[in-house]
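Peer 1: Provided below for reference: sequence and predicted model.
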Amino acid sequence: MTVKIFETPEVQDFLKAVAGFDQDGGNERAKQILHRLLSDLYRLIDDYDITPEEFWSAVSVLNALGQGTQFALLAPGLGFDHYLDMRMDAADAEAGRTGGTPRTIEGPLYVAGAPEVQGRGRMDDGTDPDAETMWLTGQVRDTDGHPVAGAKVEVWHADSKGGYSFFDPSQSEYNLRRTIITDAEGRYAVRSIIPSGYGCPPDSPTQQVLDLLGRHGQRPAHIHYFVSAPGHQHLTTQINLAGDPYTYDDFAFATREELVVPGQRIEDAAEAEQRGLEGPFTEVVFDIELARTEAPELQQRHKRPRALESEEQESALAASAQV
Ligand code: DHB
Ligand code: FE
């Protein structure tokens with residue numbers, strides 16, 4: 001079939017009606033965006049001669065993604081999260097905001113309201129005895145090298161099987177999720193366990209789409225961070241542990257060279273005792289540099305639907321950024 005009808009006045013008028021251009025109500029920006037999106041898709045249907053069978057199988061994949069709340073899992077795999085990062089990096093560069101630890105994607109598995117600890121704490125619930133003990137520590141500094149005391153360091157990561165608490169109901173509440181407030185020297189230190197890499201569930205609609213692209217759905221072992229302090233630009237980032245087979249082959253495109261961190265295995269008993277640990281452990285050191293800013297909107301994370309993040313928490317965050 002070689003029909004080409006996209007450019008006809010009939011189709012062009014039809015698209016305007018579909019996008020509500022002839023209606024007073026609705027939202028102008030939504031109309032413009034939907035008109036553009038539908039135009040691109042209609043053109044694609046013409047250009048690739050999309051058959052009804054192909055169209056309806058795409059609809060059924062979208063239904064499956066929706067039912068399983070899977071689209072937020074697929075979005076990083078399709079590069080959207082990284083693309084938004086690239087745009088924010090470019091906006092920072094254009095505005096002359098330079099320096100600071102690089103951002104990388106938040107991912108879909110953050111949960112608000114994790115327990116808060118001062119300076120030091122423990123993130124794991126002790127129920128994973130085979131996991132390697134991790135000592136995760138670092139210093140938060142500004143771009144002039146001054147320590148930032150009282151910075152809020154939110155950390156979350158997977159367990160030794162690659163699962164996240166809350167999303168994996170077999171784990172205890174807030175397991176491997178903590179908010180750490182940095183001490184007078186800007187330091188944070190937590191005991192936890194070395195996370196494993198994460199893989200998209202093999203029979204999920206997300207993996208089904210990746211299979212069509214000939215791609216895997218694996219992430220390297222990684223640790224997520226939100227870091228904030230008054231007068232500083234909010235940072236969303238992650239570290240990827242060095243030496244994982246997927247460190248440089250992340251399906252979510254979150255790896256950045258500056259964020260690849262080696263773990264150091266320490267067997268010395270005195271070193272362990274100093275940190276209150278019983279045996280050998282792996283130390284992971286990640287120092288964070290925050291750029292300074294007076295703009296309140298740059299001091300907080302952007303809004304998006306997040307597990308257990310209520311309206312009240314949002315407005316409390318907004319209020320605290322204004323003082
Ligand atoms: C996905 C999972 C993660 O743990 C992450 O950090 C990013 C993306 C995902 O399933 O898409
Ligand atoms: Fe993750």
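Peer 2: Yes, it's here. Bear in mind that the values here come from a model prediction, so they are computed numbers and not experimental data. Ligands and ions are numbered 1, 2, ... in the order given.

Peer 1: my read: residue 155 touches residue 123, true?
Peer 2: Yes. Here residue 155 reaches residue 123: they are 6.9 Å apart, a contact under Cβ atoms under 8 Å. To be clear about C-beta, it is placed using only N, CA and C from the backbone, and glycine gets the same treatment.

Peer 1: Need the residues touching each of these two.
Peer 2: Shared contacts of residue 155 and residue 123, defined by Cβ atoms under 8 Å, 6 or more residues apart in numbering, comprise 136, 177, 178, 190.

Peer 1: lowest confidence element among the helices and strands of this structure?
Peer 2: The helix or strand of the chain with the poorest confidence is helix 311-322; it has a mean of 58 (mean pLDDT, DSSP states H and E).

Peer 1: Just give the nearest non-adjacent residue to residue 219, would you?
Peer 2: Of all residues not flanking residue 219 in the chain, residue 198 sits nearest, at 4.4 Å (Cβ to Cβ, 6 or more residues apart in numbering).

Peer 1: beta partners for residue 288?
Peer 2: Beta-bridge partners for residue 288, by DSSP bridges, are residue 140.

Peer 1: that older thread, residues contacting the residue nearest to residue 219?
Peer 2: Residue 198 neighbours (Cβ under 8 Å, 6+ apart): 158, 162, 164, 218, 219, 222.

Peer 1: next one: stretch 118-136 to chain centre, how far?
Peer 2: Relative to its chain's centre, stretch 118-136 lies at 22 Å (Cα atoms, centre = their mean, to the nearest Å).

Peer 1: got the contact list for the residue of the stretch 1-150 of the chain found nearest ligand 1?
Peer 2: Taking Cβ to the nearest ligand atom, ligand 1 has its nearest neighbour within the stretch 1-150 of the chain at residue 107, 2.8 Å off. Going by Cβ under 8 Å, 6+ apart, residue 107 touches 76, 81, 224, 238, 252, 254.

Peer 1: pretty sure it belongs to a helix, no?
Peer 2: No. According to DSSP: H, G, I helix; E, B strand; the rest coil, residue 107 belongs to no helix; its state is coil.

Peer 1: the strands in the stretch 101-250 of the chain, which residues?
Peer 2: 116-118, 120-122, 133-142, 152-157, 177-181, 187-193, 198-199, 218-219, 222-228, 235-241 (DSSP state E, counting those that start in this stretch).
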